[in-house]
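> attaching a predicted model along with its sequence, questions to come.
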Amino acid sequence: MPADSHRYKKGDRYQVTEGFTGHVLTMWKAPFTGGYEKVIPAGLKFAIAFDPPASASAVAADPEPMSEWEEHLVPADDRAAPKYNGYYLSIPFEHVEKHCVRLLEG
């Protein structure tokens, strides 16, 4: 049974409990989005960037803190490029369910 996109909300925080292959997407000061598959390591914490639409199969996520994980997740050539403008993760619902635990606020 597919996961319900409405289960995930902007700002919800998770921690990866077991590494998995996910997508790192790079943003640019140009009409372009780059990306590649990387192992999203155990221990990484992330926040859901926005409420996924009903048709979504993944969450957009911001690692916490972004600067701590950037060197591990984004190649040096991209980070050094003048038009590089940051990154985020795309994590399929199934990986959130299998490999992550929700962090409670408090």
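Now that the structure is in, tell me what you want to look at.
> chain neighbours aside, what residue packs nearest to the residue nearest the centre of the chain?
Centroid-nearest residue in the chain: residue 89, 2.3 Å away (criterion: Cα atoms, centre = their mean). Of all residues not flanking residue 89 in the chain, residue 61 sits nearest, at 4.4 Å (Cβ to Cβ, 6 or more residues apart in numbering). Where C-beta positions appear, they are placed from N, C-alpha and C, glycine not excepted.
> pretty sure that neighbour contacts residue 45?
No: contact criterion Cβ atoms under 8 Å: residue 61 and residue 45 do not qualify, at 9.7 Å.
> so what sits against both of the two?
Among the neighbours of residue 61, those also in contact with residue 45 (Cβ atoms under 8 Å, 6 or more residues apart in numbering) are residue 14.
> looking at those two, which is more packed in?
Shown here are residue 61 and residue 45; by other Cβ atoms under 10 Å, residue 61 has more neighbours (25 against 17).
> where does this structure have low pLDDT?
For the chain, residues meeting the criterion pLDDT under 70 lie at 1-6, 106.
> show me the contacts for residue 15.
Neighbour list for residue 15: 43, 44, 45, 46, 100, 101, 103 [criterion: Cβ under 8 Å, 6+ apart].
> okay, and the beta partners of it?
Residue 15 has these beta-bridge partners by DSSP bridges: residue 45, residue 101.
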